[in-house]
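Undergrad: okay, here's the prediction I keep looking at, along with the sequence it came from:
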There are 2 protein chains.
Amino acid sequence: MARNEAEVKNDLFGFGEPNTAYAKYFEGNSFLKGLASDAASGIGVGEVSFEPGCRNHWHRHVGGFQILVCTAGEGWYQAWGQPAQKMKPGDVVIVPDGVKHWHGASPDSWFSHLAVTKGKTEWLEEVADYDEITAE
Amino acid sequence: MARNEAEVKNDLFGFGEPNTAYAKYFEGNSFLKGLASDAASGIGVGEVSFEPGCRNHWHRHVGGFQILVCTAGEGWYQAWGQPAQKMKPGDVVIVPDGVKHWHGASPDSWFSHLAVTKGKTEWLEEVADYDEITAE
């Protein structure tokens, strides 16, 4: 069994449904559980869980932001032009307005994070060097 | 021992330092651990832990918002003019711009939440009816 499957499937926020609406912007399978949203502020909060090796494409949140909080497992976050950084439970990343980035699981580990999101998401190209980045 | 002390002191985000900077706006002792901040967006993320019975005064975040995510223990959130709602691990509340509110622990339980905050905080009066609200 890949690392951290039980931790991710039984974490504080539970385990969501297959993230079919966004599947075309992900490599591999992810799962989404909506937790809260507020129309006035345009903010949504959800938990996203990734199977081992799953990651999304480069994207940015325009007119808003995204905050990622790792809740279980192990994964990666990278902002365009910056080194990729490993995310472990309790790690927090703030993605400012318009910053191109991606996030996802390690190749051999499940991964889950809270996502607090505002703004229009613009989806871009796949991550070309995931294998090299995560080979460490 | 009050309920949930071990859960709060050993949760995913750890246990902060005495929250002396804001002590005058709280009844009882709270603890603050900064996790991330971003100058460009003005967003800060931290973990706040409350001893049993500790709660803050009515306040609002102007020109921003606050998102509360209960990470351990048991507490309360109330928006002005609305019923108080109990918060348990995994519960999420979005506080829109300018909404007057308070949050804190149950009388017999430790409580901790993530706080994602933007805006200028305006501190107001103490919560007059905490005892009645939390007596259920």
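TA: Yep, it's here.
Undergrad: please count neighbours and contacts with C-alpha atoms only from this point.
TA: Noted.
Undergrad: tally of neighbours for residue A:22?
TA: 13 (other C-alpha atoms under 10 Å in any protein chain shown).
Undergrad: three-state assignment of the residue sitting furthest away from the middle of chain A?
TA: Residue farthest from the centre of chain A, counting by C-alpha atoms, centre = their mean, is residue A:40 at 24.4 Å. Judged by DSSP: H, G, I helix; E, B strand; the rest coil, the three-state class of residue A:40 is coil.
Undergrad: how much space is there between the residue nearest to residue A:70 when sequence neighbours are not counted and residue A:92?
TA: Using C-alpha to C-alpha, 6 or more residues apart in numbering or on different chains and skipping the chain neighbours, the partner closest in space to residue A:70 is residue A:113 (4.1 Å). According to C-alpha to C-alpha, to the nearest Å, residue A:113 stands 9 Å off from residue A:92.
Undergrad: what do you get for residue A:61?
TA: 17 Å.
Undergrad: for stretch A:86-105, what is the distance to the chain centroid?
TA: 7 Å (C-alpha atoms, centre = their mean, to the nearest Å).
Undergrad: and the strand of greatest length in chain A, C-alpha only, in PDB?
TA: Longest strand of chain A, by residue count under DSSP state E: strand A:59-73. Output of strand A:59-73 as PDB, limited to C-alpha atoms (Å, rounded to 0.1, in the frame of the first residue of the first chain):
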ATOM      1  CA  HIS A  59      -2.900  27.400 -12.900                       C
ATOM      2  CA  ARG A  60      -3.600  30.700 -11.300                       C
ATOM      3  CA  HIS A  61      -6.400  32.300  -9.300                       C
ATOM      4  CA  VAL A  62      -7.100  35.700 -10.800                       C
ATOM      5  CA  GLY A  63      -8.700  38.400  -8.600                       C
ATOM      6  CA  GLY A  64      -8.300  36.400  -5.500                       C
ATOM      7  CA  PHE A  65      -5.800  34.000  -3.800                       C
ATOM      8  CA  GLN A  66      -5.500  30.400  -2.700                       C
ATOM      9  CA  ILE A  67      -4.300  29.100   0.700                       C
ATOM     10  CA  LEU A  68      -3.300  25.500   1.000                       C
ATOM     11  CA  VAL A  69      -3.000  23.800   4.400                       C
ATOM     12  CA  CYS A  70      -1.700  20.200   4.300                       C
ATOM     13  CA  THR A  71      -3.900  18.000   6.500                       C
ATOM     14  CA  ALA A  72      -2.400  14.600   5.800                       C
ATOM     15  CA  GLY A  73       0.100  12.700   3.700                       C
END
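Undergrad: now the angle between strand A:59-73 and the following helix or strand past it, please.
TA: Remark: after strand A:59-73, the chain's next helix or strand is strand A:75-79, criterion DSSP states H and E. If you take axes from the mean of the first three to the mean of the last three C-alpha atoms, to 10 degrees, strand A:75-79 sits at 160 degrees to strand A:59-73.
Undergrad: buried sites along the helix or strand just after strand A:75-79?
TA: The first helix or strand that comes after strand A:75-79 along the chain, using DSSP H and E, is strand A:85-87. Neighbour counts over strand A:85-87 (16 or more other C-alpha atoms under 10 Å in any protein chain shown) mark A:86, A:87 as buried.
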